[in-house]
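**Q** Can you look at this prediction? I've put the sequence above it.
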Amino acid sequence: MKQYLKGDKGAKLGYCAAKAEYIFGYKAHIVSDAESELPIAVVITPANEHDSKQFLPLVRMVLGDFTYEIKKLLADSGYDAGYIRKWLREHQIADIIDRNKRSGDDFGKPKDSDYKKRVASEMVNSHAKDGFALERFTFAGLQRALQHTYTCLSAMLYSAIASYLIGLKNWRKLVL
């Protein structure tokens, strides 16, 4: 555990399946646009909060803030839950969600041609952590974790805007 978080009552111990390790602190749940590969919504929780619990708050943020229609939702197996799939069907949004292998069955990857665009989300998370210091902070408290996350993601967006405005053709690759 990081020394600076030991006294933080909001920080919790959670499991990161991607790294197969326990993480103490906070977790950023980030929604990114599959076309632009940029972040569009974020929620910060203690690290022990499961991804699926943040689905509705994140989707409601996106639906409330954007005017374009969402036709498909691409997500990893952390969002494979019956109530999520039901909610998406009720809102006429196609779910392209990896199946959780908790039952031992291998369902394979979703067959939709847009499934490969899910990598945009992984790119945003990876570059936010590595290039914009989202994973490295030395202060405690949910509010400060949120401020740090907004600062990192804003830097990513400003970098994309500046790259685009000066005419760089491969602005995504430079930012992300």
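**A** Ah, there it is.
**Q** just the strands in this protein please.
**A** 12-16, 21-33, 38-46, 72-75, 94-97 (DSSP state E).
**Q** Buried residues in the longest one, which are they?
**A** Meaning strand 21-33. 23-33 (16 or more other Cβ atoms under 10 Å). To be clear about C-beta, it is placed using only N, CA and C from the backbone, and glycine gets the same treatment.
**Q** Go through those residues and name the one nearest Asp51.
**A** Of all those, His29 has the smallest distance to Asp51: 6.2 Å, by Cβ to Cβ.
**Q** ok, what's across the strand from the closest one?
**A** As for beta bridges, His29 partners with Val43 under DSSP bridges.
**Q** Serialize the strands of the chain to TSV and add fields for distance to Phe132 and mean pLDDT.
**A** Shown next, in TSV, are the strands of the chain (distance: least, Cβ to Cβ, whole Å; pLDDT from 0 to 100):
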stretch	distance to Phe132	mean pLDDT
strand 12-16	19	84
strand 21-33	11	85
strand 38-46	10	88
strand 72-75	22	87
strand 94-97	27	87
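**Q** can I get these in CSV with distance to Ala81?
**A** Below are those laid out as CSV (distance: least, Cβ to Cβ, whole Å):
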stretch, distance to Ala81
strand 12-16, 17
strand 21-33, 14
strand 38-46, 16
strand 72-75, 10
strand 94-97, 9
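**Q** Ser163 is nearest to which of those strands?
**A** strand 38-46 (11.4 Å).
**Q** contacting residues around that closest one?
**A** 10-12, 14, 25-33, 53-54, 57-58, 61-62, 65-66, 124, 128, 142, 145-146, 149-150, 153, 156-157, 160, 175 (Cβ atoms under 8 Å, 6 or more residues apart in numbering).
**Q** Now Glu49: closest residue in space that isn't a chain neighbour?
**A** Computed as Cβ to Cβ, 6 or more residues apart in numbering, the closest residue to Glu49 that is not its neighbour in sequence is Lys27, at 6.4 Å.
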